[in-house]
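Asks: Curious how this folds, go ahead:
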Amino acid sequence: MSDLNDPRVFFAAERTLLAWNRTSLTLMAFGFVIERFGLFLHVLLPKQDISMPFWIGVGFIVLGALAVLIASLQYRRVLFTLKPIEIPKGYWAGFGIFVSLVVAALGIALAVYLFVDAKL
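Replies: Okay, here's the model as predicted:
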């Protein structure tokens, strides 16, 4: 529990959550690029089995989604340790968690789409 009674503690936690959001989005984008590069290799070399980029790409996407989920849980734990005076009045502290959960859901949806699309 924080004894500082300073809103900067809350904003530092929120910046950390947003940094994890950026990291997760980067991981997911990198995974998507790797997966699509595998498709490009498949077009160039149709006779060869090139499934490794697919699995690596989907792995990065899932890693990004898990990272943002865990970051949301950690942020929520930090919020519960703060006193009401440390959170500015009228500030919706849950918005960061909402955005993070949407990013995680979209990442999982992308991984599922790529997996289903590869099986067709």
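Asks: Let me see the backbone angles for the residue sitting furthest away from the middle of the chain.
Replies: Computed with CA atoms, centre = their mean, the residue of the chain farthest from its C-alpha average is K47, at 35.1 Å. Backbone torsions of K47, given as degrees, to the nearest 10, read phi -80, psi -20.
Asks: any weak-confidence spans in the chain?
Replies: For the chain, the stretches flagged by pLDDT under 70 are 1-3, 120.
Asks: before we move on, the earlier item: state the distance from the residue farthest from the centre of the chain to E35.
Replies: 20 Å (CB to CB, to the nearest Å). Every residue, glycine included, has its C-beta placed from N, CA and C.
Asks: same question, K119
Replies: For K119, the distance to E35 - CB to CB - is 14 Å.
Asks: Looking at those two, which is more packed in?
Replies: Taking other CB atoms under 10 Å, K119 and E35 do not tie; E35 has more neighbours (24 against 6).
Asks: I'd assumed M52 was in contact with that one.
Replies: No: E35 lies out of contact with M52 (CB atoms under 8 Å); the separation is 10.6 Å.
Asks: intersection of neighbour lists for these two?
Replies: Shared contacts of E35 and M52 (CB atoms under 8 Å, 6 or more residues apart in numbering): none.
Asks: now G94: how far from A118?
Replies: Counting by CB to CB, the gap from G94 to A118 is 36 Å.
Asks: ranges for the strands of the protein?
Replies: For the chain, strands defined by DSSP state E do not occur.
Asks: Now Q48. Its backbone dihedrals?
Replies: Residue torsions, per degrees, to the nearest 10, at Q48 are phi -100, psi 150.
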